[in-house]
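Peer 1: after the sequence you'll find the predicted model.
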Amino acid sequence: MRRAVSKAIFPVAGLGTRFLPATKSIPKEIMTLVDRPLIQYAIDEARAAGIKEFIFVTSRGKSALEDYFDWAPQLEAELRRKGKTELLEILKSTTMDSGAIAYIRQQKPLGLGHAVWCARRLVGNEPFAVLLPDDVIAAEKPCLQQMVEAYQETGGNIIATMEVPDERTDAYGILDADEDMGTLVSVRGMIEKPAPGQAPSNLAVIGRYILTPPVMRHLNRMRAGAGGEIQLTDAIASVIGAGGKVFGYRFRGQRFDCGSKAGFLQATVAFGLARDDLRDDFAEYLREITALGRAAQ
């Protein structure tokens, strides 16, 4: 029987410069999508997949992340006094049990692979998940839960993937597919941000991974890759070269790149329209401004 995936790494050490000046004072991961911060979507997805231990790889200036998941006794008491039980339950869902979250500092910005490596002692010799909070995935069944179920069937390493336009391959890690089995794709190699026309496929790596201990052992070699950084894709490619199994997983859902302003706005519209309490008013507003735009043309 395969060991359950119970630990997840959340690399959240980035400066969020694309969202300045907002990120001058708050971590990007705390920026709200409708009424929940980005990090809450990632945590909820991990919880649904059975994750019990949450490892945050942070940097200086990220203390607001720690505060967000802490108990807020004064606020809870005020909500209780006012009888706002629904808000109280929502607030309680953001509180993590003592010891459930660990915080590790990435002192130098040496890449995603380095951020994952920073958590090596807490992960130990176990399979683990990696979730990038910038990638928000709307799905009926949470993406990581889909991947955990696939892992239980196949073992090996599972990487979320989706098709991207050929001219956009230089923005992603790209899979070199060996056998396309539909939902699963057997992978024989990975290339970090290949130039258009040089990519082996249009299957892009998305910010959800289930990885096995050999990946961490390859990261221990600390070899710099594209951009002079320690790339997670290089470590996974090394595992393939050593005979390890790696699968791309075509998840069911829609991914939003909330690391970009355009993607964040798109996600805001999609998640706003998905909310029963917001849909009607928001949809009417969108119809009105669309009509105004057409009239102006």
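Peer 2: Everything's here; your move. Numbering: from 1, shown residues only.

Peer 1: in this structure residue 54 contacts residue 103, no?
Peer 2: No. Taking contacts as CB atoms under 8 Å, residue 54 lies outside contact range of residue 103: 9.7 Å. The C-beta positions use only the backbone N, C-alpha and C, and glycine is treated the same way.

Peer 1: more neighbours: which of those two?
Peer 2: residue 54 (22 against 16; other CB atoms under 10 Å).

Peer 1: what secondary structure does that one sit in?
Peer 2: strand (DSSP: H, G, I helix; E, B strand; the rest coil).

Peer 1: which strand residues bridge it?
Peer 2: Beta-bridge partners for residue 54, by DSSP bridges, are residue 8, residue 101.

Peer 1: list the contacts of it.
Peer 2: 8, 10, 43, 46, 96, 100-102 (CB atoms under 8 Å, 6 or more residues apart in numbering).

Peer 1: look up how far residue 255 lies from the residue nearest the centre of the chain.
Peer 2: Note on the chain: the residue nearest the mean C-alpha position is residue 132, at 2.5 Å, using CA atoms, centre = their mean. Separation of residue 132 from residue 255 (CB to CB, to the nearest Å): 11 Å.

Peer 1: shaky segments in this structure?
Peer 2: For the chain, the stretches with pLDDT under 70 are 1, 222-228, 293-297.

Peer 1: ok, longest helix in it?
Peer 2: Scanning the chain for the helix with the most residues, using DSSP state H, yields helix 279-296.

Peer 1: go ahead and confirm residue 59 touches residue 16.
Peer 2: No. Under the criterion of CB under 8 Å, residue 59 makes no contact with residue 16, lying 10.7 Å away.

Peer 1: which one of those two is surrounded by more residues?
Peer 2: Comparing residue 59 with residue 16 by neighbour count (other CB under 10 Å), the higher total belongs to residue 16, at 19 against 16.

Peer 1: stretch 194-204: how far from the chain's middle?
Peer 2: Stretch 194-204 has its C-alpha centroid displaced from the chain centroid by 22 Å (CA atoms, centre = their mean, to the nearest Å).

Peer 1: for the stretch 1-150 of the chain, which segments are assigned as strands?
Peer 2: 7-11, 32-33, 36-37, 53-58, 101-105, 128-131, 135-138 (DSSP state E, counting those that start in this stretch).
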